[in-house]
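Student: Give me the fold of what follows.
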Amino acid sequence: MKVVFEKAELISAITPAMGAISSRRDNPILECMKLTATKDGCRITTYDNEKGFHVDVNADVIEEGSCLINAQRFFGMVKNMPGDITLECGKNMIASLTSERSKYEIQYQDPKLYPNISEINGRQSFTLLQSQLRDVITQTMFAIAENNDRLQLNGAYFTVDNGYIHVVALDGLRFAERMIHDNDIIKTNIDVAADTEVEFIVPKKSLIEVIKLLEDPDEKITVIKGRRNVMFRVKNITFHTSLIDGDYIQYKRFIPKNETTTATVKTAELRDSLERALFITEYKEAGRLKAPVKLNFYDGMLNVSSTSSSNRVSDDIPADKTGADLEIGFNCRMLLDTFRVLDCEKIKLKLTTPLSAMAMVPVDDDDDSFLYFTFPTRIVDTY
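Tutor: Here you go, the predicted model:
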């Protein structure tokens, strides 16, 4: 095998592929990337038993072949080379990388040792703008659970049909739902009834890799769902990941209903108030719990406050309130996570009791583009 790469192109191909290099040390093969050279160019493959990449890179293939090379070492060598790079796999399982007058040598392994990763035979697929996929992921991912015993909560739940994409995340204390309506979201079904939704649950760590691929908001991405896997295709990059098996939780029964208090506020003003309160709520004192942030709704105003043994913060912001006055407490960081992803000018808050979840919805009642809710914490005056 002998291949000549442009340094910049090779680096841009290796960079995303590194997201599927195994961090575990029990299988050295999965610490490698597979390079396969054919007359059409070179393909870089990485896989960590759960997710993987295929990245096609333009190259001058002098001799076809394939090899396995330790990914971290190979990437480090490539970045240190002065210019275009020639990779040649010689005898005794030694590969050489040459660039101008510089040369590295590195041991490679037999590509037959690498797992056989077949293409996903997708039964359903859809296309949408990269910006749309980025929005629904980044605006819900914070509410995905971490290592929950209910495995389905450790991922985001997608449902897609012609004209919409809908994503839900729930970690037990907060909920995030994001919907985008667009007739250009096109679903293709193969051997599946035309009215069947595309449904799947993607692990959080895989979504982190997907976000890195979404660099061009105006370009489209194709998503192909198999029986147990899903594949994301962007230009020369294909990312595939295992899905979380099982049915997602019946989350609609947790959505707050029959609110007794509603308040409309400017999103940025409440976000800024919570940022100021966070400085107090996160202040650690030996033997003391973190202080909650209190939201006190009264005529025309919302007071945001928090008190520790030696510090206090208080903010008053205008609020268009209807219904009863109400005071409620939250873990400040959890509530702030929601406001950090909101991009609307105003938001409507719906409340029932001081111990019931607070819902955050669009001001327009006909707008179903998002729904968030966070469960409160009991307010205990200890200071």
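Student: buried sites along the top helix by length along the chain?
Tutor: Longest helix in the chain, counting residues (DSSP state H): helix 267-281. Residues of helix 267-281 classed as buried under the neighbour-count rule (16 or more other C-beta atoms under 10 Å) are 267, 269-271, 273-274, 277-278, 280-281. (Glycine included, C-beta is placed from N, CA and C.)
Student: Pull the most distant pair out of those residues.
Tutor: Within those, Thr267 and Ile280 form the most distant pair, 21.3 Å apart (C-beta to C-beta).
Student: helices and strands around the longest helix of the chain, which ones?
Tutor: Packing partners of helix 267-281 (3 or more C-beta pairs under 8 Å, 6 or more residues apart in numbering; DSSP states H and E): strand 293-298, strand 301-307, strand 312-318, helix 332-341, strand 346-351.
Student: May I have the strands that pair with the third one, each with its orientation?
Tutor: Put plainly, it is strand 312-318. Strand 312-318 pairs in its sheet with strand 301-307 (antiparallel), by DSSP bridges.
Student: For the strand it pairs with, which outside residues touch it?
Tutor: Defining contact as C-beta atoms under 8 Å, 6 or more residues apart in numbering, one finds that strand 301-307 is touched by 263, 265, 270, 273-274, 276-277, 280-281, 291-296, 312-319, 321, 332, 383.
Student: For the stretch 1-150 of the chain, which segments count as helices?
Tutor: Applying DSSP state H, counting those that start in this stretch to the stretch 1-150 of the chain gives helices spanning 7-17, 71-80, 130-138.
Student: do the same with the stretch 151-300 of the chain
Tutor: Under DSSP H, counting those that start in this stretch, the stretch 151-300 of the chain gives helices at 204-213, 267-281.
Student: now the angle between helix 7-17 and the first one, please.
Tutor: Orientation note: helix 204-213 sits at an angle of 150 degrees relative to helix 7-17 (axes from the mean of the first three to the mean of the last three C-alpha atoms, to 10 degrees).
Student: From the contact counts, what lies against helix 204-213?
Tutor: helix 7-17, strand 51-57, helix 130-138, strand 155-161, strand 229-234, strand 237-242.
Student: and if we set it to 6 Å?
Tutor: If you count contacts as 3 or more C-beta pairs under 6 Å, 6 or more residues apart in numbering; DSSP states H and E, helix 204-213 packs onto no helix or strand.
Student: What is the burial count for the closest residue to Leu213 other than its chain neighbours?
Tutor: Distances taken as C-beta to C-beta, 6 or more residues apart in numbering place Val234 nearest to Leu213, at 4.9 Å, with adjacent residues excluded. The tally of other residues near Val234 (other C-beta atoms under 10 Å) stands at 19.
Student: So what sits opposite Val234 in the bridge?
Tutor: Assigned bridge partners for Val234, using DSSP bridges, are Ile237.
Student: what pLDDT does it get?
Tutor: Note on Val234: pLDDT of 95.
Student: Then Asn147?
Tutor: Reported pLDDT for Asn147: 88.
Student: Please report the distance of it from Leu278.
Tutor: According to C-beta to C-beta, to the nearest Å, Asn147 and Leu278 sit 24 Å apart.
Student: Could you do Gln152 as well?
Tutor: 30 Å.
Student: same question, Asn229
Tutor: On the measure of C-beta to C-beta, Asn229 and Leu278 end up 39 Å apart.
Student: for Met1, same thing?
Tutor: 54 Å.
Student: wait, what's in contact with the residue nearest to Lys290 when sequence neighbours are not counted?
Tutor: Nearest-residue entry for Lys290: Thr281, 5.5 Å, with adjacent residues in sequence omitted and distances by C-beta to C-beta, 6+ apart. Going by C-beta atoms under 6 Å, 6 or more residues apart in numbering, Thr281 touches 290-291, 293, 306, 332.
Student: could I get the residues you listed as TSV with pLDDT, distance to Ala8 and neighbour count?
Tutor: Below are the contacts of Thr281 laid out as TSV (pLDDT from 0 to 100; distance: C-beta to C-beta, whole Å; neighbours: other C-beta atoms under 10 Å):
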residue	pLDDT	distance to Ala8	neighbour count
Lys290	77	47	17
Ala291	86	51	27
Val293	95	48	28
Ser306	92	50	27
Cys332	94	44	25
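Student: With distance to Lys91 as new columns, can those residues be given to me in TSV?
Tutor: Below are the contacts of Thr281 laid out as TSV (distance: C-beta to C-beta, whole Å):
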residue	distance to Lys91
Lys290	63
Ala291	68
Val293	67
Ser306	69
Cys332	63
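Student: Buried residues, stretch 368-379. List them.
Tutor: 369-377, 379.
Student: do the same with stretch 322-340
Tutor: In stretch 322-340, counting by 16+ other C-beta under 10 Å, buried: 326, 328-332, 334-339.
Student: Can you list the buried residues in stretch 243-258?
Tutor: 243-244, 248, 256.
Student: In CSV: those residues, plus pLDDT and distance to Gly83.
Tutor: Formatted as CSV, the buried residues of stretch 243-258 follow (pLDDT from 0 to 100; distance: C-beta to C-beta, whole Å):
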residue, pLDDT, distance to Gly83
Leu243, 96, 42
Ile244, 97, 44
Tyr248, 95, 51
Pro256, 89, 61
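Student: Quick check: bridge partners of Met262?
Tutor: To be clear, residue 262 is Thr; Met isn't right here. When bridges are called by DSSP bridges, Thr262 pairs up with Thr322, Lys350.
Student: which neighbours does the lowest-mean-pLDDT helix or strand in the chain have in its sheet, and in what orientation?
Tutor: In the chain, the helix or strand scored least confidently by mean pLDDT, DSSP states H and E is strand 186-189, which has a mean of 73. Strand 186-189 pairs in its sheet with strand 124-129 (antiparallel), by DSSP bridges.
Student: That's all I had, so thanks and see you.
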